[in-house]
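# Generate coordinates for the sequence data below:
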Amino acid sequence: MKLKVYFANKLAGSLFSTPDKGIVFAYEDSYVRQNGNSLSMSLPLRSGEFSQKECLPFFSGVLPEGDVKRRISEYLHVSESSTLKLLQELGGECAGMISVLPEDAEPNQTLIYRLDSDNYEELSEDILLGYIKNAETRPLLKANEELRLSLAGAQEKLPLSFFDGKFHFPKNGAPSTHIIKPTGKGELSSLAVNEYVCMKLAKYSGLSVPDVALKKIQDETFMMVERYDRIKRGDSVVRLHQEDMCQTLGILSDRKYQNDGGPGIADIFQLISKRTSVPLLDARAFIQYVLFNLVIGNCDAHGKNYSLLYDGGVLKLSPIYDAVCTLLYPTLTRKVSMKIGSHYEIDKIRKADLVLLAEQLKLRQSVILNLYSDLRKKVLLGFSSIREDECLDGCTETIDEIEKIVQERDITSDC
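Numbering: from 1, shown residues only. This next block holds a predicted model:
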């Protein structure tokens, strides 16, 4: 099987399987001669083949994970382990600026899409409600025979567009502008509210955050997040390229946790410090993201939850995303995704671990300690604004529980 890989609708290369080498990627010679954009830091622009070990982390990294991937595979009658077959079905709308298409398919050559009826089909509330209610049993959006991928990650995510106060389904290769996140089931029934609260707290704490909104249709509550890799310019939208830290470092998605071989804080910090356009600001922002997740009790901030964004000629850290207080749910792990100091167990992390983290990053300990204390104060102050948010009427119990978790955990008060 052979697939064509496009970057900004230019043929960049081919992804194919071989009997002896497995999956292989190679840039087109013409693309290399024209000095095209590399797809990833882990796939630098050059002639010759990239082995399966080299290319699979990037390409499998655009696919969903876990139960979401399993449900999509069952729905499509495709093996969960068949990366090429899944990309053949779903690669038309990936994160960033790439698309992966069958050999006989051609991408839409448009780069700037007007937000109008030629490119977007308005969705009624009933149709949207059906998508949300059936996200588990029908994990792919479909309209006019176009499949839309539930984006990379282990949580249900529906890529749609929202403008003029209404939801729309992209068509003719147009990009989505927003991600819809249905609330969870059972113990996770407060997940949409939880993430909305935490993302708002991040904004009130001065972090870079995409616009979020909490919506409700009939009895279904869901969160809407504006995509940071899709930029509105007037009445049009364009794609920006991005890659998560696992893709950047050439690490498979199933190793996204440091304890499983994934990146640690120092790995990402060093990469940012060497590669982004404004490394001092981005490195500081990354540490703020890490400490914010510690403050709110988010144990699931792994390597795929931090990304780099290519905005024109500027490479920068993406806004924070997927911020959730996982400590709210007793059955979820209390081990953080990336070790802080000497510990993974969040209940064992103390001031000494922040001091050790500073040493590991070659920073003054006062920098880390002050950032942590400042963020914790801002988060606690942010709850007053949270309680005034009309979107959160009736959500007092969830807000109270998150606030209690933050209040009870001040690790700088001891040694």
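# which neighbours does the longest strand belonging to the chain have in its sheet, and in what orientation?
Among all segments of the chain classified by DSSP state E, the strand with the greatest residue count is strand 10-18. Sheet neighbours of strand 10-18, with direction, are listed as strand 2-7 (antiparallel), strand 22-27 (antiparallel) (DSSP bridges).
# how much space between R33 and E103?
Look at R33 and E103: by Cβ to Cβ, to the nearest Å, they are 22 Å apart. For every residue, glycine as well, the C-beta is placed using N, CA and C.
# should've said E397
Plainly put, E397 is 54 Å away from E103 if you go by Cβ to Cβ.
# Next: N259.
Plainly put, N259 is 40 Å away from E103 if you go by Cβ to Cβ.
# just G341 next, same as before
The span separating G341 from E103 equals 50 Å under the rule Cβ to Cβ.
# quick one: which of those two has more around it?
Between G341 and E103, G341 has the larger neighbour count (other Cβ atoms under 10 Å), namely 21 against 11.
# And that one, its phi and psi?
Note on G341: its backbone torsions stand at phi 70, psi -120 [degrees, to the nearest 10].
# which residues touch the residue nearest to it when sequence neighbours are not counted?
Beyond its immediate neighbours in the sequence, the residue positioned closest to G341 (Cβ to Cβ, 6 or more residues apart in numbering) is D353, lying 2.5 Å away. When contacts are counted by Cβ atoms under 8 Å, 6 or more residues apart in numbering, D353 is found next to 340-343, 411.
# can you give me the mean pLDDT across whichever strand or helix holds D353?
Using DSSP states H and E, D353 sits in helix 351-360. Confidence over helix 351-360 (mean pLDDT, whole number) is 98.
# Could you give me the buried positions within that helix?
Along helix 351-360, these residues count as buried under the neighbour rule (16 or more other Cβ atoms under 10 Å): 351, 353-358.
# circling back: tell me the gap between the longest strand of the chain and the middle of its chain.
On the basis of Cα atoms, centre = their mean, to the nearest Å, strand 10-18 sits 24 Å off its chain's mean C-alpha point.
# from now on call the first residue 31
With the count now opening at 31, the last piece we talked about shows up as strand 40-48.
# Helices along the chain, start to end?
Remark: helices assigned in the chain by DSSP state H are 59-63, 82-90, 96-106, 113-120, 155-163, 221-234, 275-279, 295-305, 309-326, 381-390, 395-417, 426-437.
# Just the CA atoms of stretch 51-60, as CSV, please.
Provided in CSV are the C-alpha atoms of stretch 51-60 (Å, rounded to 0.1, in the frame of the first residue of the first chain):
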residue,chain,number,x,y,z
LYS,A,51,11.2,-2.9,6.0
GLY,A,52,7.7,-2.3,7.2
ILE,A,53,6.4,1.2,6.9
VAL,A,54,8.7,3.6,5.1
PHE,A,55,8.5,7.4,4.3
ALA,A,56,10.4,9.3,1.7
TYR,A,57,10.2,13.0,0.7
GLU,A,58,9.7,13.6,-3.0
ASP,A,59,12.9,14.6,-4.7
SER,A,60,11.3,17.7,-6.2
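# which outside residues touch it?
Counting contacts by Cβ under 8 Å, 6+ apart, the residues outside stretch 51-60 that touch it are 35, 41-48, 66, 73, 75-82, 84-86, 89, 113-114.
# Just the buried ones from these?
35, 41-47, 66, 73, 79-80, 82, 85-86, 89, 113-114.
# Domain map for the protein?
If the domains of the chain are taken from automatic domain parsing, they occupy 32-132, 143-260, 273-443, with pieces of a single domain joined by a plus sign.
# Distance to S266 for these - can I get that in JSON lines?
Below are those laid out as JSON lines (distance: least, Cβ to Cβ, whole Å):
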{"stretch": "domain 32-132", "distance to S266": "15"}
{"stretch": "domain 143-260", "distance to S266": "5"}
{"stretch": "domain 273-443", "distance to S266": "16"}
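# Lowest average pLDDT across those?
Minimum mean pLDDT among the domains of the chain: domain 143-260, a mean of 85.
# got the end-to-end distance for stretch 54-72?
Stretch 54-72 has its terminal residues 14 Å apart, counting by Cα to Cα, to the nearest Å.
# give the contact list for the residue lying closest to L387 once chain neighbours are set aside.
With Cβ to Cβ, 6+ apart as the measure, G371 is the residue that lies nearest to L387, at 5.1 Å, once sequence neighbours are left out. G371 is in contact with 379-380, 382-387, 390, counting by Cβ under 8 Å, 6+ apart.
# Kindly report the same for N67.
37-38, 42, 75, 127, 271, 340.
# re the thing from before, ok, which of the domains of the chain comes nearest V267?
Among those, domain 143-260 comes nearest to V267, with 5.4 Å by Cβ to Cβ.
# Okay, the residue nearest the centre of the chain and M275: tell me how far apart.
For the chain, the residue nearest the mean C-alpha position is N335 (5.3 Å; Cα atoms, centre = their mean). N335 sits at a distance of 8 Å from M275 (criterion: Cβ to Cβ).
# One more: K369?
Taken as Cβ to Cβ, the spacing of K369 relative to M275 amounts to 15 Å.
# ok, the two, which is more surrounded?
Under the criterion of other Cβ under 10 Å, the comparison of K369 against M275 puts M275 first, with 26 against 20.
# ok, the more buried one touching S348?
No. Contact status for M275 versus S348: not in contact, 10.0 Å apart, counting by Cβ atoms under 8 Å.
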